[in-house]
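Asker: Coordinates for the following, if possible.
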Amino acid sequence: MAEGGPAGPALDPPGEAGTPGEAGMGPRGWGGCLASAGVRVVLCVLALAMLLPRLAARARGQGAEAAGAGGTRRGKSGEREIPAASVVLRGSGVFRCRNCLSHVSTRDDVISKCFHGRGGRAYLVTRVVNVDCGATEDRMLLTGLHTVCDIACRSCNETVGWKYEYAYEDSQKYKIGRFIVERSKLDEEDSW
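Answerer: Coordinates of the predicted model:
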């Protein structure tokens, strides 16, 4: 490489001779400079990975109802954590997923308690939160043929019931757009 001239010593470009401490290299050398830039890139990627779920929840309209600054919350008795990205229902009689304590529905949303699911008693409700719908399928139920889709907890993917998409019999049309939640898959914050 070039010798130092009147302006001072020349710098060695990356990949050529040069070890930490040589003229113009500083105590860390070229490799240390590149490594610290790489660390900065990795830290930025990790920070984005942590922020993306929060931004997605806000984009779905859950920002106001989602948990405070991304932390976790304790259940009423404090024994297990409620997932931070879940919609939180207010009031008494909140039905929660038995596995992860995500809120699913409330007593106020119950239309009827006289239904049966795969695992026993079930409730017909008007509204559910923190669930994802599966594929629709025609299913023969006790009250006739219906088009339904299973609903699963968004946090733990446990199937908690189904949604009525279509009813073939006129007497069952009131169920369309409503949900069945199975009691065996839910826990209740306040006893009924």
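Asker: What's the first helix or strand after whichever strand or helix holds residue 149?
Answerer: Per DSSP states H and E, residue 149 falls inside strand 144-153. Next helix or strand after strand 144-153 toward the C-terminus (DSSP H and E): strand 159-167.
Asker: ok, now which ones touch residue 137?
Answerer: By Cβ atoms under 8 Å, 6 or more residues apart in numbering, the contact list for residue 137 reads 147-149. (C-beta placed from N, C-alpha, C; glycine too.)
Asker: Beta-bridge partners for residue 152, please?
Answerer: Applying DSSP bridges to residue 152 gives these bridge partners: residue 132, residue 159.
Asker: could you list every residue that touches the closest residue to residue 131 other than its chain neighbours?
Answerer: Distance criterion Cβ to Cβ, 6 or more residues apart in numbering; nearest residue to residue 131, sequence neighbours excluded, is residue 151 at 4.3 Å. Neighbour list for residue 151: 128, 131-134, 159-163, 179, 181 [criterion: Cβ under 8 Å, 6+ apart].
Asker: Tell me the buried residues within those.
Answerer: Among the contacts of residue 151, those classed as buried by 16 or more other Cβ atoms under 10 Å are 128, 131, 159-163, 179, 181.
Asker: excluding its backbone neighbours, what's nearest residue 182?
Answerer: Leaving aside its chain neighbours, residue 182 sits nearest to residue 117 (3.7 Å; criterion: Cβ to Cβ, 6+ apart).
Asker: Just to check, that neighbour is in contact with residue 159?
Answerer: No: between residue 117 and residue 159 there is no contact under Cβ atoms under 8 Å: 9.8 Å.
Asker: And for residue 142, the neighbour number?
Answerer: The number of residues packed near residue 142 is 6, by other Cβ atoms under 10 Å.
Asker: Quick check: it vs residue 114, distance?
Answerer: Separation of residue 142 from residue 114 (Cβ to Cβ, to the nearest Å): 11 Å.
Asker: Report pLDDT for residue 94.
Answerer: As predicted, residue 94 sits at a pLDDT of 94.
Asker: about what we covered before: how much space separates the residue nearest to residue 131 from residue 112?
Answerer: Going from residue 151 to residue 112 by Cβ to Cβ gives 17 Å.
Asker: ok but residue 128 is inside a strand, no?
Answerer: No: counting by DSSP: H, G, I helix; E, B strand; the rest coil, residue 128 is not part of a strand but coil.
Asker: Confidence-wise, which helix or strand of this structure is lowest on average?
Answerer: strand 73-74 (a mean of 48; mean pLDDT, DSSP states H and E).
Asker: Could you give the bridge partners of residue 94?
Answerer: Beta-bridge partners, per DSSP bridges, of residue 94: residue 106.
Asker: Please enumerate the strands of this protein.
Answerer: With strands called from DSSP state E, the chain shows them at 73-74, 81-82, 94-97, 103-106, 110-117, 120-125, 131-141, 144-153, 159-167, 179-182, 186-188.
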